[in-house]
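Asks: Only the shape, not the letters, is given here:
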Ligand code: 8X3
């Protein structure tokens, strides 16, 4: 029998979000996928529905617009959601605080903080009914500041602290909350951070094997598949050759 409940994934068009969609689809989970790039979401939907006995809904939502998030939640109010992968987030730029472009700061705050918070808040009524599970994607940058990281690091520390705070506020509801903090993952992350500069983006992952988005998705599946009475609260996952945000062993 096809399951009635859905996993809601933000930033599902690529990287960790997309790999979570693929991994959950294999587990027979219905999906609600959110991203701005609807063409990519439609491709993922077609493929996953073809390969698995599941239902996938794809929604184009610009998370920097709170009214679009609210509108989306009205549209799905009758769906049963038992998993939220609160994944959408980005780094833009890596320069000294005083020289930072204000629009870059703003976009990071809009997505990593405001949209993240709104999505979590509006999903909680669903999760209370289903005794569901929130997976928040933070970062090693949430526990270690680095040069040029300022607002990005701050936004990920925010995710870490909100995750802990939600554990306390939601105690007794049966809702589980897991904060997944990846180190270097080879996704579009660096291409976005460095505004499309492929050379700089590639150099971030050169000389060692970074994490693949699949590594993170598998870890998320592990957290989700623990017994309902077990909550993995915080998982820091890094490549073997990474020991801290800035200490990476690179060959050559
Ligand atoms: C991504 C990892 O170290 O580039 O959040 O900030 S890092």
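Replies: Good, I have the coordinates. On a predicted model such as this, the values are computed, not experimentally measured, just so you know.
Asks: Give me the local confidence score for the residue of the stretch 101-250 of the chain found nearest the ligand.
Replies: Using Cβ to the nearest ligand atom, the closest approach of the stretch 101-250 of the chain to the ligand is made by residue 139 at 3.1 Å. Just so you know, the C-beta spots here come from the backbone N, C-alpha and C atoms, and that holds for glycine as well. pLDDT for residue 139: 98.
Asks: show me where this structure has helices.
Replies: Along the chain, the segments classed as helices by DSSP state H run 15-26, 38-51, 66-75, 102-108, 116-130, 150-169, 189-193, 198-204, 213-224.
Asks: Please identify the buried residues of the longest one?
Replies: Within helix 150-169, the residues that qualify as buried are 150-160, 162-163, 166-167, counting by 16 or more other Cβ atoms under 10 Å.
Asks: Of these, just say which sits nearest to residue 179.
Replies: For the buried residues of helix 150-169, the residue nearest residue 179 by Cβ to Cβ is residue 163; the value is 3.9 Å.
Asks: Run through the bridge partners of the nearest residue to the closest one once chain neighbours are set aside.
Replies: Distances taken as Cβ to Cβ, 6 or more residues apart in numbering place residue 179 nearest to residue 163, at 3.9 Å, with adjacent residues excluded. Beta bridges link residue 179 to residue 136, residue 234 when assigned by DSSP bridges.
Asks: Is it correct that residue 179 is in contact with residue 236?
Replies: No. Shown here, residue 179 and residue 236 do not form a contact pair, counting by Cβ atoms under 8 Å, at 9.1 Å.
Asks: Between the two, which is the more surrounded one?
Replies: Ranked by neighbour count (other Cβ atoms under 10 Å), residue 179 and residue 236 place residue 179 first, with 27 against 14.
Asks: what pLDDT does the more buried one get?
Replies: Confidence at residue 179, expressed as pLDDT, is 98.
Asks: what sits against it?
Replies: Shown in contact with residue 179 (Cβ atoms under 8 Å, 6 or more residues apart in numbering): 136, 138, 159-160, 163-164, 233-235.
Asks: Check residue 181 too.
Replies: 138-140, 142-143, 156, 160, 234-237.
Asks: Please apply the same query to residue 83.
Replies: So residue 83 contacts 5-8, 24, 29, 132-133, 135, 224 (Cβ under 8 Å, 6+ apart).
Asks: Now for these: which two are most distant?
Replies: By the measure Cβ to Cβ, 5 and 135 form the most distant pair in the contacts of residue 83, at 15.0 Å.
Asks: These two: which is more packed in?
Replies: Set residue 5 next to residue 135 and count neighbours by other Cβ under 10 Å: residue 135 wins out with 26 against 15.
Asks: Check whether that one really touches residue 180, as I assumed.
Replies: Yes. In terms of Cβ under 8 Å, residue 135 counts as a neighbour of residue 180; the distance is 6.0 Å.
Asks: anything in contact with each of the two?
Replies: Common neighbours of residue 135 and residue 180 (criterion: Cβ under 8 Å, 6+ apart): 220, 223.
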